[in-house]
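Chemist: need a structure here:
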Amino acid sequence: MNTTWRNLMSMNKIGRPALSIAAGLLGVVICTSCEVSNPGPLADDALIEKPLSQQGLVNGAKERLNQSVGWLTYSTALISREIFPGGQTGSYGHTISEQAGSHVWSASGPNGEYNDSQQARWIAEEAIRRFTDGGVTDKSLLFQAYNWAGYANRVLGENWCESVIDGGPLEAGSKYFERAVGHFTNAIAQAPTNNDRFAAYAGRAQAKMWLKDWVGASADAAQVPDNFVFLLEMDLSRGGDTDNRNHIFFANNSSPYRSYTVRFTNMDQYYTDSGDPRVAWREFTLTTDRLCVGSLSGFTPPPPLTGSRVPCTKQNKYKTEDDDIRVASGREMRLIEAEALLEAGNIAGAMAKINGIRTTVVSDKGGNLAAWPTPATIAEAWTILKRERGIETWLEGRRMGDQRRWIGTPGSDELPNFAARSGIFTQFPRGREAENGQPLGARLLCYNISNTERNTNPNIPDVS
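Modeler: Have a look, this model is predicted:
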């Protein structure tokens with residue numbers, strides 16, 4: 001079987017076309033008396049003429065992005081302190097330094113997430129090349145290819161310090177966002193529906209925000225209505241592939257893990273006080289589940305608890321391992337507009353945008369959430385913006401990147417004081433100097449290029 005055709009078949013496990021392949025293969029198996037002739041190798045160029053392979057390319061890009069984002073929501077939540085580690089170092093656990101949020105103690109960034117993100121980008125961009133060179137049967141597939149290429153580049157830019165494109169040299173991480181803007185621009189031109197167009201405008205606003213094109217980001221965000229939501233489908237039922245599950249749910253679920261907790265995070269007391277459903281958590285039903293599975297080194301429990309087991313509470317944003325993960329929304333667009341206004345020094349305008357979405361949320365305690373009070377200074381306004389964005393995008397894999405791009409801005413990131421609970425947070429501190437005198441702050445909040453890239457790409461230097 002031609003290698004490319006085999007790969008395209010594996011990419012199809014996300015969507016309905018996979019059923020057609022499976023049915024065809026089943027027909028071959030049960031028809032034992034039929035004569036079957038091997039057609040020999042299939043020319044790579046011929047694949048583009050087959051609608052099934054065209055859909056497979058798009059599905060392959062989407063699936064790889066699903067898997068990357070599914071894992072990044074968990075790993076980056078530790079670094080950005082959206083969750084508190086339970087001490088688990090085995091399956092669905094992390095090293096002690098990673099639990100302390102200090103991934104830079106490892107020379108290489110995460111291999112799996114890097115591979116999935118790069119494959120999502122490459123497959124989508126390869127689909128664009130094939131579709132534009134050889135034509136495409138379903139024109140909506142070209143939009144999807146541009147759109148997934150845009151989001152794959154955005155995910156890479158938010159999470160990796162530098163960029164590498166197809167075996168090339170190490171370049172500035174901003175290159176991913178520049179590529180994303182180009183892909184989203186083409187997606188907007190190809191969008192077959194309004195919702196498709198909103199998804200591309202939202203993605204382009206996110207990329208322009210990172211490039212500090214605040215005029216462009218705000219203009220794109222304004223195209224997206226408040227109620228728009230764009231999701232990645234986390235669905236374990238697709239071929240039974242566990243990489244397609246919602247990992248942030250599964251790692252915290254009662255059985256078998258409970259690898260982290262919401263206790264001691266900013267959302268712990270905030271949800272208790274506000275009932276804001278965007279950051280909901282709850283106690284585990286069984287009292288036997290109310291301690292995390294692992295034991296956290298040096299953990300100091302709150303009275304009357306004793307020992308090194310961490311009290312475990314369950315995030316309630318995601319209810320099952322099939323719950324989708326949001327990658328863009330109209331509500332986030334309002335916060336992008338608010339941030340653009342703060343960049344221009346317009347406190348009143350920014351607070352109107354922030355409170356405009358906040359006060360539409362119905363509290364689990366009843367009634368709508370109250371507006372944030374009018375801040376007295378620009379620094380206080382920035383703190384509220386950062387807080388509200390953290391609430392709105394909680395456990396969506398966005399906070400680590402936000403904290404990096406906010407370095408040097410006014411206001412506070414309001415990091416919870418985890419050091420008061422365990423010495424690992426002082427043993428692996430966030431504020432140490434990196435090699436060559438480079439401040440650790442920015443480097444801590446993005447990943448090094450993976451060893452899987454360094455071991456095969458002679459253009460990328462080793463990291464000691």
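Chemist: shaky segments in the protein?
Modeler: 1-52, 104-107, 237-240, 430-440, 463-464 (pLDDT under 70).
Chemist: the strands in it, which residues?
Modeler: 84-85, 162-163, 171-172, 229-232, 260-261, 281-283, 313-315, 325-329 (DSSP state E).
Chemist: could you list the paired strands of the third one along with their orientation?
Modeler: To tie it back to what came earlier, the one meant is strand 171-172. strand 162-163 (antiparallel) (DSSP bridges).
Chemist: ok, and what's touching the partner strand?
Modeler: For strand 162-163, the surrounding residues in contact (Cβ atoms under 8 Å, 6 or more residues apart in numbering) are 156, 157, 170, 171, 172, 173, 174, 175, 176, 449. All C-beta atoms are positioned from the backbone trio N, CA, C, and that covers glycine.
Chemist: and the first one, how close does it get to residue 208?
Modeler: What that stands for is residue 156. Counting by Cβ to Cβ, to the nearest Å, the separation of residue 156 from residue 208 is 16 Å.
Chemist: which of those two has more residues huddled nearby?
Modeler: The neighbour comparison of residue 156 against residue 208 (other Cβ atoms under 10 Å) goes to residue 156, with 27 against 24.
Chemist: and the more buried one, what does it touch?
Modeler: By Cβ under 8 Å, 6+ apart, the contact list for residue 156 reads 117, 118, 121, 163, 176.
Chemist: would you mind listing the buried residues in stretch 449-463?
Modeler: Neighbour counts over stretch 449-463 (16 or more other Cβ atoms under 10 Å) mark 449, 450, 451, 452, 453, 454, 457, 460 as buried.
Chemist: out of the residues you listed, which are inside helices?
Modeler: 451, 452, 453, 454 (DSSP state H).
Chemist: what is the nearest of these to residue 364?
Modeler: Closest approach between these and residue 364, by Cβ to Cβ: residue 452, at 43.2 Å.
Chemist: isn't that closest one right up against residue 113?
Modeler: No. If you go by Cβ atoms under 8 Å, residue 452 and residue 113 don't touch, sitting 10.7 Å apart.
Chemist: report how many residues lie close to the nearest residue to residue 191 once chain neighbours are set aside.
Modeler: Nearest residue to residue 191 in three dimensions, chain neighbours excluded: residue 197, at 3.9 Å (Cβ to Cβ, 6 or more residues apart in numbering). Residues lying near residue 197 (other Cβ under 10 Å) number 19.
Chemist: who touches residue 197 in this structure?
Modeler: Here residue 197 is in contact with 188, 191, 223 (criterion: Cβ under 8 Å, 6+ apart).
Chemist: gap between the first one and residue 385?
Modeler: Distance, residue 188 to residue 385, by Cβ to Cβ: 27 Å.
Chemist: just the second one next, same as before
Modeler: Residue 191 sits 30 Å away from residue 385, taking Cβ to Cβ as the criterion.
Chemist: then residue 136?
Modeler: From residue 136 to residue 385 the distance is 42 Å (Cβ to Cβ).
Chemist: quick one: which of the two has more around it?
Modeler: residue 385 (25 against 21).
Chemist: so that one touches residue 354, yeah?
Modeler: Yes. Using Cβ under 8 Å, residue 385 is in contact with residue 354, at 6.3 Å.
Chemist: overlap of the contact sets of the two?
Modeler: In contact with both residue 385 and residue 354: 335, 338, using Cβ under 8 Å, 6+ apart.
Chemist: for residue 227, which residues are in contact?
Modeler: Counting by Cβ under 8 Å, 6+ apart, residue 227 touches residue 330.
Chemist: one more: the one 5 residues further on?
Modeler: Residues in contact with residue 232 (Cβ under 8 Å, 6+ apart) are 62, 65, 66, 69, 70, 324, 325, 326, 327.
Chemist: widest-spaced pair of these?
Modeler: Farthest pair in the contacts of residue 232, by Cβ to Cβ: 62 and 326, 15.1 Å.
Chemist: between the two, which one's more packed in?
Modeler: residue 62 (24 against 19).
Chemist: I figured that one was touching residue 148, is that so?
Modeler: Yes. Using Cβ under 8 Å as the test, residue 62 is close enough to residue 148 to be in contact (5.6 Å).
Chemist: now for these two: what residues contact both?
Modeler: residue 120.
Chemist: which residue packs closest to residue 168, ignoring adjacent ones?
Modeler: Closest residue in space to residue 168, ignoring its immediate chain neighbours: residue 459 at 6.2 Å, by Cβ to Cβ, 6+ apart.
Chemist: what do you get for residue 271?
Modeler: Per Cβ to Cβ, 6+ apart, closest to residue 271 is residue 279, 5.2 Å.
Chemist: so what's that neighbour up against?
Modeler: Counting by Cβ under 8 Å, 6+ apart, residue 279 makes contact with 267, 270, 271, 317, 391, 394.
Chemist: buried residues, the longest helix seen in the chain. List them.
Modeler: Longest helix in the chain by number of residues (criterion: DSSP H): helix 51-79. Within helix 51-79, the residues scored as buried using 16+ other Cβ under 10 Å are 52-79.
Chemist: same check on stretch 173-184?
Modeler: 173, 175, 176, 177, 179, 180, 181, 182, 183, 184.
Chemist: out of the residues you listed, flag the one nearest to residue 375.
Modeler: Of the buried residues of stretch 173-184, the one sitting nearest to residue 375 (Cβ to Cβ) turns out to be residue 177, at 29.5 Å.
Chemist: contact partners for that closest one?
Modeler: Residue 177 neighbours (Cβ under 8 Å, 6+ apart): 153, 154, 157, 207, 208, 210, 211.
Chemist: thought the first one was touching residue 174?
Modeler: Yep, that's residue 153 we're talking about. No. Between residue 153 and residue 174 there is no contact under Cβ under 8 Å: 10.8 Å.
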